[in-house]
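A.B. asks: Build me a model from this:
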Amino acid sequence: MPAIPRGMGTITTMATTTTDAALLQLIWLASPALPVGGFSYSEGLEAAVDSERVHDEATAASWLADQLHLCLSRADLAVMADAMTAWREGDLLRVAALDRWVLRTRETSEMRQQTEQMGRSLVEWLKSVQPEVAARAPQPLTYPVAFALAASASGAPVRDCLLSFAFGWAENMTQAAIKSVPLGQSAGQRILLRLAAEIPAAVDKALTLREDDRQAFSPMLAILSAQHETQYSRLFRS
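C.D. replies: All right, here's what the predicted structure looks like:
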């Protein structure tokens, strides 16, 4: 173990293990600082605020928890689990099929634009930090499929990768709630606490879904997203 001098004492460092590297990679991918533009989307939440369906901490927390279980778990998380297996097995036909499914199930133009833009930005980021991983992408990718590519290269278990994806989503959506409701930072932390407690169950549900069980049927969210496209005043791109 090498020792690094510091002042009057020393800091002892340990060699980074494979597990450490995988965990750090997932933390990196979940970070709101990742330059993929997640901060600029509210995924219909801003329209829900405009229509007064969401108006305080309690309604924001319930809205996002419902979105986690009814939308993210049954669609993006389930797709990502399948896509990770496909990437690791080199099954590009399966990757392409999953990518097409994501595009088909985006019910408004802004939802489709979000997944395309974030997927494209994530692949561009990969080109700068892991070009050998980015080179595996045969075409532009939607965000869940691109995230699956990046996460699959970490070597981490699929469940851990889905937890990372979901927590990154939760952080971005909590910040959207803070800005659009608006809420204070303490309220935002309480919302994030609730979402973090519910994420494991959402991930476990996603992992049980067969292909025929996946779905992205959320009519009210689609209506609000369509309304948001022509909303008079807005902060977010979706």
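
A.B. asks: What are the boundaries of the helices in this protein?
C.D. replies: With helices called from DSSP state H, the chain shows them at 18-30, 45-50, 57-67, 76-89, 92-104, 109-129, 131-134, 143-152, 158-180, 185-208, 219-228.

A.B. asks: can you list the weak-confidence ranges in this structure?
C.D. replies: The chain contains residues with pLDDT under 70 at 1-18.

A.B. asks: one more time with 50
C.D. replies: Along the chain, the model assigns pLDDT under 50 to residues 1-6, 8, 11-13.

A.B. asks: what sits up against stretch 229-238?
C.D. replies: Stretch 229-238 is contacted from outside by 40-47, 50, 108-111, 113-114, 176, 179-180, 225, 228, using CB atoms under 8 Å, 6 or more residues apart in numbering. Heads up, the C-betas are built off the backbone N, CA and C, glycines and all.

A.B. asks: among these, which ones are buried?
C.D. replies: Buried members of these, counted by 16 or more other CB atoms under 10 Å: 41-47, 50, 108, 110-111, 114, 176, 179-180, 225, 228.

A.B. asks: returning to that earlier point: pick the most buried one from the helices of the chain.
C.D. replies: Burial of these is given as mean neighbour count (mean count of other CB atoms under 10 Å); helix 143-152 ranks first at a mean of 27.

A.B. asks: helices or strands up against it?
C.D. replies: helix 18-30, helix 76-89, helix 92-104, helix 109-129, helix 158-180 (3 or more CB pairs under 8 Å, 6 or more residues apart in numbering; DSSP states H and E).

A.B. asks: Identify whichever of those helices lies nearest to residue 68.
C.D. replies: Proximity to residue 68 (CB to CB) singles out helix 158-180 among these, at 7.1 Å.

A.B. asks: so residue 102 makes contact with residue 76?
C.D. replies: Yes: contact criterion CB atoms under 8 Å: residue 102 and residue 76 qualify, at 7.5 Å.

A.B. asks: any common contacting residues for the two?
C.D. replies: 143, 144.

A.B. asks: so who does residue 77 touch?
C.D. replies: Residue 77 touches 144, 162, 165, 166, 202, 203, 206, counting by CB under 8 Å, 6+ apart.

A.B. asks: Make JSON lines out of those residues and add distance to residue 217.
C.D. replies: Compiled in JSON lines, these are given as follows (distance: CB to CB, whole Å):
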{"residue": "144", "distance to residue 217": "17"}
{"residue": "162", "distance to residue 217": "21"}
{"residue": "165", "distance to residue 217": "21"}
{"residue": "166", "distance to residue 217": "20"}
{"residue": "202", "distance to residue 217": "16"}
{"residue": "203", "distance to residue 217": "20"}
{"residue": "206", "distance to residue 217": "15"}
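
A.B. asks: now do the same end-to-end measure for stretch 32-46.
C.D. replies: Stretch 32-46 has an end-to-end distance of 19 Å (criterion: CA to CA, to the nearest Å).

A.B. asks: Which residues outside it are in contact with it?
C.D. replies: 28, 54, 60, 63-64, 67, 111, 114, 117-118, 121-122, 125, 143, 168-169, 171-173, 175-177, 180, 221, 224-225, 228, 231, 234-238.

A.B. asks: what do you get if the cut-off is 6 Å, keeping everything else the same?
C.D. replies: By CB atoms under 6 Å, 6 or more residues apart in numbering, the surrounding residues in contact with stretch 32-46 are 114, 118, 121-122, 125, 171-172, 176, 180, 221, 224-225, 234, 236-238.
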